[in-house]
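build the 3D model from these lines:
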Amino acid sequence: MEIGEQASGGITILRPVGRIDNDTSAEFQDKLLSRLGGGSVLIDFTAVEFISSAGLAALMTAAKQAKTSSRRVAVAALGSVVQEIFAISRFSRVVPVFASAAEGIAALQ
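As a prediction, this is how the structure comes out:
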C-alpha cells in the first residue's frame, strides 16, 4: 500500500491508495499512529477504493489514541463504496467525516 503524506498548518494529511484491508491495515495503522505523535491527522480517502473491518479497527485504535493525547483524527473525500461502509458501520460517529480535504484541514486547525 502506498500512503502519501503532507503537512499543512500543523496537521498531517495521509493519502492512502488502494484498499485498506487485512493485508494493508497494519501498515496503515502504524503510519497513522506514528503521525499522531506530532499532532492531528486527516486521512484523505480520495484514492481508497475499499476499507474492511480491519481498516476500520485501525482507525478506531487511532481515534482512541488521539482522544487520550488531545489530538484529533478525521477523514475526508470518501468514495461511494467507502462512504457506504462508513454509513453501515456508523463509523462517522467515531471519526469526523468531511466532504473534502480542504474542509477537514479547516476544521482541524
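
following element in sequence after the host helix or strand of residue 87, please.
Using DSSP states H and E, residue 87 sits within helix 80-89. Scanning forward in sequence from helix 80-89 by DSSP H and E, the next helix or strand is strand 97-98.

how distant is the helix or strand just after that next one from the center of its chain?
Going down the chain from strand 97-98, the next helix or strand is helix 101-108, by DSSP H and E. Distance of helix 101-108 from its chain centroid, counting by C-alpha atoms, centre = their mean, to the nearest Å, is 13 Å.

could you pull out the buried residues of helix 101-108?
Residues of helix 101-108 classed as buried: 101, 103, 104, 105, 108 (neighbour count, 16 or more other C-beta atoms under 10 Å). Any C-beta I mention is one placed from the backbone N, CA and C, and that applies to glycine too.

the second one touches residue 76, doesn't it?
In other words, residue 103. Yes - taking contacts as C-beta atoms under 8 Å, residue 103 lies within contact range of residue 76: 6.6 Å.

most residues in a single strand of this structure, which one?
What stands out as the longest strand in the chain, according to DSSP state E, is strand 11-20.

so which elements touch it?
Judged by 3 or more C-beta pairs under 8 Å, 6 or more residues apart in numbering; DSSP states H and E, strand 11-20 is in contact with strand 2-8, helix 25-36, strand 41-44, strand 48-51, helix 53-68, helix 101-108.

would you mark the buried spots in stretch 83-93?
85, 86, 91.

residue closest to the middle of this structure?
Central residue of the chain (C-alpha atoms, centre = their mean): residue 43, 3.5 Å from the mean position.

against residue 66, how distant is that residue?
12 Å (C-beta to C-beta, to the nearest Å).
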